[in-house]
Structures are given as C-alpha cells and as structure tokens.
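Enquirer: Below: sequence and its predicted model.
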Amino acid sequence: MTETQFTPRVFSGIQPSGNLHLGNYLGALKRFVDMQQPDMETIYCMVDLHAITVWQDPKELAHSTRELCAGFIAAGLDPEKSILFNQSQVPEHAQLAWIFNCVARMGWMQRMTQWKDKAGKNQQNASLGLFAYPSLMAADILIYHATHVPVGDDQKQHLELTRDIAIKFNHDYGVDFFPITEPVIEGAATRVMSLRDGSKKMSKSDPSDMSRINMTDDADTIAKKIRKAKTDPEALPSELDGLDERPEARNLVNIYAALSDQTAEQVLTEFGGKQFGEFKPMLAELAVSKLSPISSEMARLMGEEAEIDRILAKGAEKARAIATPILQQTYEIVGMVGAKQG
Ligand code: AQP
C-alpha cells in the first residue's frame, strides 16, 4: 500500500482547556472551515483527554467543551458536513494511544518542545499524561487514517512525531497500515503572537488577558486590547522585509492579513507609511466585524446545551464507525487474540 491509496481525510482538534482565542481561530479553526469541502471528509474534535494532562476543574471542563463546540459551529463548521465530537466519547483514541506508547521511544518524547515548555523545571511533578501527550495526538489522527492535519505552527513537531510513530509501526510489523500524515500549516497567521510580547505565542494559559483576544470578548474589549497592543514608534513599512526585527508590528500585520483573507504583502501595500495610530483602529474595526458575529452565535448556541450534547453524541457515533474497524485491524496486526472483525 502506498500513501496515495489512503482516501484524503482531514482530522484536527482543539483542547477545551480555556477560552478559544484569536490564535486558535486563525491558526486552526478558520482553516478547519476552509477545508470543509464537498470532496473532503473532515473530522474535528474537542480533545478533552488532552486537556486533563494539566489540572481542569470538572465543571469548567464540561463548560469549555460545550463552548468550544459552540465556537466550532459559530465559526462555520456544519455538523452535517463535518464530524464534530469530544474525544472521550470515542474510546478508540485512548486504546490506540496505548499501542503507540509502546511504539514511541522515551527519547522522542523528551525532545518535545511543548513538554519542555509546559513541564519546565518541574518535570518530576508533571503528569505522565503530559509527557505522553504526543502519542495520544498521533492516535487521534491515525485512528481515522487521516491524511491531512490543519494546525498552527506550534504543533509541527508533534506532527513530525506522528509521522515517526506511523513509520515505526509500519516498519516493526511489516505493514503499510498507517498513512504518513501531511501537516497543513498555511495562511497568514500560523503563529499569532501575544499582544503584549511579540516573542511569545498567543496562548490560553498566558496569565495576562490583555495578551490575547478571546472569541467571547465583546467589541469594546477587542478594540481596547488592540489599542493597547505593544508596538514600536515607526510607521508601517511598504515591504515585508521592513518588518524584520519588528515582531509586534509583524504580528498585527499578519492578524490583519489573516482576518481579511489577504497576504501580509497586500496589507503593506495598503498601509505602508501609516502610523499605528491609524492602523490599529482599522484593525480593531476589522476584528470586531469578523469576530462579533461568531461570539454572538456562540452565546446563542450556549443557551441550547441539550442540542450541543446531541451534536457531540451523534458526531461520536459517526467517528466510532470509522475508528472501530481501524482499531480492530491494529489489534490484529499486533497479535491481540479475539480482535478479528465480523
Ligand atoms: N498563537 C497561536 N497561533 C496560531 N495557532 C495557534 N494554535 C494555538 N495557539 C496558536 C493552534 O490552535 C490549535 C489548538 O491548540 P490547542 O488548544 O490544542 O493547544 P495549544 O497549542 O496548547 O493552545 P494554547 O492556547 O497555546 O493553550 P496553552 O496555553 O494551554 O498552551 C492547534 O492547531 C494550535 O497549533
């Protein structure tokens, strides 16, 4: 079997570990919507098992999972066109992850930047789940034989590890069973940076709420955060290389480009020579016009909790219909007795 024999199938996920923010939206969710095409099977997951690799209050986890589902739908994912579900409702993810724990090597995991960043100097106290996170992520993708995974730039290393796991499994067992997945890291904002520090990624766990735009922020809050975003005193350049060594300026240009479906070059053609005093209000207006309809729809959907739960349960059923036979075949390849299908 070669790579081309796998049907094109898209999988990706987001953790329900806090507020969905502009980085998640531009780096991932907006791309998920772009990939929801008639000729492509798309599977999108709220990865609650990943979220608990660091402590989550149970009530908040349930709330965040439903809110993330509302965010998916409000941003344009249609449960009739894409499979939407939360990870824990499809136990095959965790079952395949165990097999992959036995394929992946300790050294591979130790090299992961996210592990080093999140565990920091306190590795002895970090959960075993946080260490094994990339193995579960590989299982999330490969349990569907997914071929394409849209993600932000920070997930590149985990996707390389997913490929390594697939290659080692196929090699060890002498099969061509798992596809070698393609990362899809595209668009003008694959790495949205903090509004307070252009060297740090915009992130849910940043203690400063001013560092990020949350998808639930109202128009005034969005405008205020953009107005207060860190910049430099120079005018915007007309050429892209004029943004070198200006990470905060570059970030705002990239955000404008991604929100308006343009390239950074096109934005600079329009705004080159303008001061931030002029650019920031335009960016705020654009951000509010794109994000406000999503946040109001999220709020409306959150009033229909039973409907969200129904969508998640139905999505999980569809996901299991794909995942169950792939897990059974995996067990059979590995030599688990009683794993034969039918
Ligand atoms: N700043 C970002 N720019 C572009 N893409 C981003 N993503 C996250 N932050 C940015 C992408 O969003 C998807 C889901 O991310 P996640 O929630 O599963 O995990 P994360 O990367 O750990 O998100 P956070 O916000 O950074 O959470 P914390 O603070 O807990 O670490 C992924 O495709 C990711 O690339």
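Expert: Received the coordinates, thanks. Owing to the predicted nature of the structure, the values given are computational and were not obtained by experimental measurement. Numbers count the residues shown, from 1 in each chain.
Enquirer: can you map out the strands along this structure?
Expert: 9-14, 41-46, 82-86, 148-150, 182-184 (DSSP state E).
Enquirer: Could I get those in TSV, plus columns for mean neighbour count?
Expert: From N, CA and C alone the C-beta is placed, and that goes for glycine too. Shown next, in TSV, are those (neighbours: other CB atoms under 10 Å):
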stretch	mean neighbour count
strand 9-14	24
strand 41-46	25
strand 82-86	24
strand 148-150	22
strand 182-184	17
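Enquirer: Outline the domain layout of the protein.
Expert: Following automatic domain parsing, the chain resolves into domains at 9-190+304-334, 209-300.
Enquirer: Kindly reformat the strands of the chain as a markdown table and extend each row with distance to N24 and mean pLDDT.
Expert: Below are the strands of the chain laid out as a markdown table (distance: least, CB to CB, whole Å; pLDDT from 0 to 100):
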| stretch | distance to N24 | mean pLDDT |
| --- | --- | --- |
| strand 9-14 | 6 | 98 |
| strand 41-46 | 12 | 98 |
| strand 82-86 | 15 | 98 |
| strand 148-150 | 12 | 97 |
| strand 182-184 | 15 | 93 |
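Enquirer: so which of those comes closest to the ligand?
Expert: When the strands of the chain are compared for distance to the ligand using CB to the nearest ligand atom, the nearest one is strand 9-14, at 4.0 Å.
Enquirer: Next, see if the closest one gets close to the ligand.
Expert: Yes: judged by CB under 6 Å from any ligand atom, strand 9-14 comes into contact with the ligand at I14.
Enquirer: Give me the nearest residue to M46, chain neighbours excluded.
Expert: The shortest distance from M46 to any non-neighbouring residue, by CB to CB, 6 or more residues apart in numbering, is to N86 (4.3 Å).
Enquirer: For the domains of the chain, state which one has the densest average packing.
Expert: The highest mean neighbour count among these, using mean count of other CB atoms under 10 Å, belongs to domain 9-190+304-334: a mean of 19.
Enquirer: gap between E304 and G120?
Expert: 40 Å (CB to CB, to the nearest Å).
Enquirer: correct me, but the residue nearest to M46 touches E67?
Expert: No: using CB atoms under 8 Å, N86 is not in contact with E67, being 11.8 Å away.
Enquirer: where do the contact lists of the two overlap?
Expert: Shared contacts of N86 and E67, defined by CB atoms under 8 Å, 6 or more residues apart in numbering, comprise P16.
Enquirer: quick one on the thing from earlier: out of the domains of the chain, flag the one nearest R196.
Expert: domain 209-300 (4.5 Å; CB to CB).
Enquirer: quick check, that closest one touching the ligand?
Expert: No: Domain 209-300 does not reach the ligand (CB under 6 Å from any ligand atom); its nearest approach is 7.9 Å.
Enquirer: can you tell me the distance between the two ends of that domain?
Expert: From its first residue to its last, domain 209-300 covers 23 Å (CA to CA, to the nearest Å).
Enquirer: Please apply the same query to stretch 77-94.
Expert: Start-to-end span of stretch 77-94 (CA to CA) is 25 Å.
Enquirer: before we move on, back to that, out of the strands of the chain, nearest to A132?
Expert: A132 lies closest to strand 9-14 among those, at 15.9 Å (CB to CB).
Enquirer: Off-centre distance for the closest one?
Expert: How far strand 9-14 lies from its chain's middle: 8 Å, per CA atoms, centre = their mean, to the nearest Å.
Enquirer: list the helices and strands it packs on?
Expert: Packed against strand 9-14 by the contact rule (3 or more CB pairs under 8 Å, 6 or more residues apart in numbering; DSSP states H and E) you find helix 30-35, strand 41-46, helix 128-142, strand 148-150.
Enquirer: mind running it again at 7 Å?
Expert: Other elements packing on strand 9-14 under the criterion 3 or more CB pairs under 7 Å, 6 or more residues apart in numbering; DSSP states H and E are strand 41-46, helix 128-142, strand 148-150.
Enquirer: distance of whichever residue of the stretch 151-300 of the chain sits closest to the ligand from K314?
Expert: Closest to the ligand within the stretch 151-300 of the chain is G152: 2.3 Å, counting by CB to the nearest ligand atom. Going from G152 to K314 by CB to CB gives 28 Å.
Enquirer: right, and S12 touches F32 too?
Expert: Yes: with contact defined as CB atoms under 7 Å, S12 reaches F32; the gap is 5.9 Å.
Enquirer: shared neighbours, those two?
Expert: 44, 150 (CB atoms under 7 Å, 6 or more residues apart in numbering).
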